[in-house]
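1. Need coordinates for the below:
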Amino acid sequence: MGHDAFAHHALGSAALLIISALHQYPAQTVAELVGTSSVSRATTYRTLKRLADHGLVQHTGETWALAPRALEGFGIRLPDADTGHTAAPAQGWANIAEQHGTWGIAARRKALHTAQRAIYQQALGRFAEHRSRAVVIVRDGRQVLVPLPRPDEIPPAWRAPHGRVLDPGTGRPAADWQVATDGRLILVTPFDQRSYDELAAAHAEALNEWESVA
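-> Alright, predicted model coming up:
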C-alpha cells in the first residue's frame, strides 16, 4: 500500500484489495470480487479496467484472474476489446507509478511529515521554555514567586498538606493560593468563601434578573 503505484491518482487502494482477493481466490466474477475484496461494485469495475489496461488482470468470460507476474507489477500484452490493438503491459510497479505521475510521492510525503514533526518538536521546546519561567507578583510591596499553573510543575518544597501552597518567602502556607481537586492552582478570595445557601441565593437572584431582562 505504501508503494507509489497504489497512490490515489495511480491504481488506488482498491487495486491492492482486488489484487489480494484474486491472489487468494483466483478466477472470480465481479459479484464474487465485491464480497472477497470489500470493494463496491462500481469501484470494482473501474479498478479492473485500470488493472487490465496495464495487463495485470485478464478475464475469461465473466471470471477475472491475475496475470502470471502481476504480483511483481508486470503485466501481459492483452488485446483491446474495442479496437483489437494491444496495450503496452506494465513493466513493474515503478513503471506504473511513473506512467501515472505518482513516482516519488511517498518520499515527498515522508519528507514533509519529517519536517512537520521537527517544527512541532521545536514548538514544544519553546512552549516548555515559556512554561518554565516563574511568575512574580507584588504583594504588600514585596515580590512573591508564584508556583506555575500545573501541579506537576510546582516544586515539592512549595507543597503543604490539604492542597495548600507554601509561600517561598515566609515558608508558611499562602492564604490566597490552593491546589484544586482537579490539580489546578487557584487563587482563593473572600468572594469564594460563600456557603452553599449563599451560592444558591446568588444563583436564584441572577436567574431572576436574566428572566426579567428577557
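2. where does this protein have low pLDDT?
-> Filtered on pLDDT under 70, the chain yields the residue ranges 1, 79-87, 126-137, 139, 143-159, 168, 179-194, 196, 199, 213-214.
3. show me where it has helices.
-> 13-24, 30-37, 41-53, 93-100, 105-132, 196-213 (DSSP state H).
4. Show me which positions of the fourth one end up buried.
-> This points to helix 93-100. Trp93, Asn95, Ile96, Ala97, Glu98, Gln99, His100 (16 or more other C-beta atoms under 10 Å). In this view, the C-beta of every residue, glycine as well, is placed from N, C-alpha and C.
5. closest one to Arg77 among the helices of the chain?
-> Checking these against Arg77 by C-beta to C-beta gives helix 41-53 as the closest, at 11.7 Å.
6. Need the contact partners of the closest one.
-> The contact list for helix 41-53, computed with C-beta atoms under 8 Å, 6 or more residues apart in numbering, reads 11-12, 14-15, 18-19, 30-31, 33-34, 37, 39, 57-59, 64, 70, 78, 87.
7. buried set for that helix?
-> For helix 41-53, the neighbour count (16+ other C-beta under 10 Å) marks Thr43, Thr44, Thr47, Leu48, Arg50, Leu51, Ala52, Asp53 as buried.
8. nearest to Trp177, of those?
-> Nearest to Trp177 out of those is Thr43 (C-beta to C-beta; 61.8 Å).
9. From Gly104, how far off is that closest one?
-> 26 Å (C-beta to C-beta, to the nearest Å).
10. Also Glu32?
-> 36 Å.
11. These two: which has the busier surroundings?
-> A direct count of neighbours by other C-beta atoms under 10 Å for Glu32 and Gly104 places Glu32 higher, at 17 against 12.
12. show me the contacts for that one.
-> Glu32 touches Tyr25, counting by C-beta under 8 Å, 6+ apart.
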